[in-house]
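Colleague: Structural data only, the sequence is not supplied:
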């Protein structure tokens, strides 16, 4: 499996955001939704070999982690708005530190570090100062960690780097969803 | 300049679509909006060296072409919904075969072929059976042509190929917005 983890500092952790205003009321829930699409969608079909986790750290009750598993997901959409509706629905359930599965998607109150501890695979943290991806031999079952528009907090970055390494896509800084599209393509090309 | 042209078979050519339903009522206007983002946005800033054209061929009065010029655009947004609102606004103006400029964005009733005739640069048509991009020397001022979720009509493809060549991103078929993110990254890496 290929895994993407998006760390969102501000995305709302209850269902009290407006689908019509994902940027402000959702704490950039638009970023989360565009990353779901670029992680899990090819043209006309989803990627069965890919996991997408998003750790929501916004108000009122962080953290919340949502896990879309490409091998079993039933509810994932190709547009931002419908994915946002599904997240809003997930956040209306009661759940705790354990994964709760709702129509194929899992949700819990696990933190970024708790999620990382559950996963097996080499960790790659996307970072402007990382090794150029062209010079990195990406191992099988890679776990790519991506910050949102603000970036990864230093404490979380340090934790991830205990088990991983920094990689870079070059001198330009790309949108999170573009990073994921590029990484997916690179892995496809390399047969990872 | 780097240029992307999206050919949309079904995207609506008047403003009578619902922002809340870009897929059905907009004729996959969601695809158009996600391609605007992946063409023109880096993290925190837009690409000044990039043009994005979309040719809308849906009801009721095709074709309509909208031209976002990265070197002068004033109205472009990082989320699907706000871009859709801007397109809806543009489509409410009166315009004809000539470019009409509205707050930096241009709109006209030009067809795909008419737009192509106005542009200078080598044309690359994205196609499953094209030459792998790794084996293609992409020239300066490239014009990349991308079909929507259905693909390019054969007549338009033949026209574009008179002046261009087919290129491929590999065996998988990607979303149009992912294709654009990948092509932007490849051009960035190659310094084109």
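Modeller: Arrived safely. What you are looking at is a predicted structure, and each value in this text was computed from that prediction instead of being measured. Numbers count the residues shown, from 1 in each chain, chains lettered A, B, ... in the order given.

Colleague: Return the distance of the longest helix along chain A from the chain's centre.
Modeller: In chain A, with assignment by DSSP state H, the single longest helix is helix A:176-190. Relative to its parent chain, helix A:176-190 has a centroid offset of 13 Å by Cα atoms, centre = their mean, to the nearest Å.

Colleague: Just checking, which helix or strand succeeds the helix or strand bottoming out on mean pLDDT in chain A along the chain?
Modeller: Using mean pLDDT, DSSP states H and E, the weakest-scoring helix or strand in chain A turns out to be strand A:45-46, at a mean of 91. For strand A:45-46, the following helix or strand on the C-terminal side (DSSP states H and E) is strand A:50-56.

Colleague: show me the contacts for the residue of chain A most remote from its centre.
Modeller: Relative to the centre of chain A, and counting by Cα atoms, centre = their mean, the farthest-placed residue is residue A:135 at 23.9 Å. Not one residue lies near residue A:135 by Cβ atoms under 8 Å, 6 or more residues apart in numbering or on different chains. The C-beta positions use only the backbone N, C-alpha and C, and glycine is treated the same way.

Colleague: tell me the secondary structure for residue A:128?
Modeller: What DSSP: H, G, I helix; E, B strand; the rest coil gives for residue A:128 is strand.

Colleague: From chain B, how far off is it?
Modeller: 10 Å (Cβ to the nearest Cβ, to the nearest Å).

Colleague: Do a quick rundown of the strands in chain A.
Modeller: Taking DSSP state E to define them, one finds strands in chain A at A:2-8, A:41-42, A:45-46, A:50-56, A:64-69, A:100-102, A:105-108, A:123-132, A:143-147, A:164-168.

Colleague: Dump those strands into CSV; add mean neighbour count as well.
Modeller: Shown next, in CSV, are the strands of chain A (neighbours: other Cβ atoms under 10 Å in any protein chain shown):
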stretch, mean neighbour count
strand A:2-8, 25
strand A:41-42, 19
strand A:45-46, 14
strand A:50-56, 25
strand A:64-69, 22
strand A:100-102, 14
strand A:105-108, 20
strand A:123-132, 17
strand A:143-147, 24
strand A:164-168, 18
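
Colleague: Assess the claim that residue A:19 and residue A:85 are in contact.
Modeller: Yes - in this structure residue A:19 lies within contact range of residue A:85 using Cβ atoms under 8 Å: 5.9 Å.

Colleague: From the rest of the structure, what touches stretch A:56-71?
Modeller: A:1, A:7-14, A:27, A:32, A:36, A:39-40, A:46-55, A:76, A:87, A:90-91, A:99, A:104-112, A:114-115.
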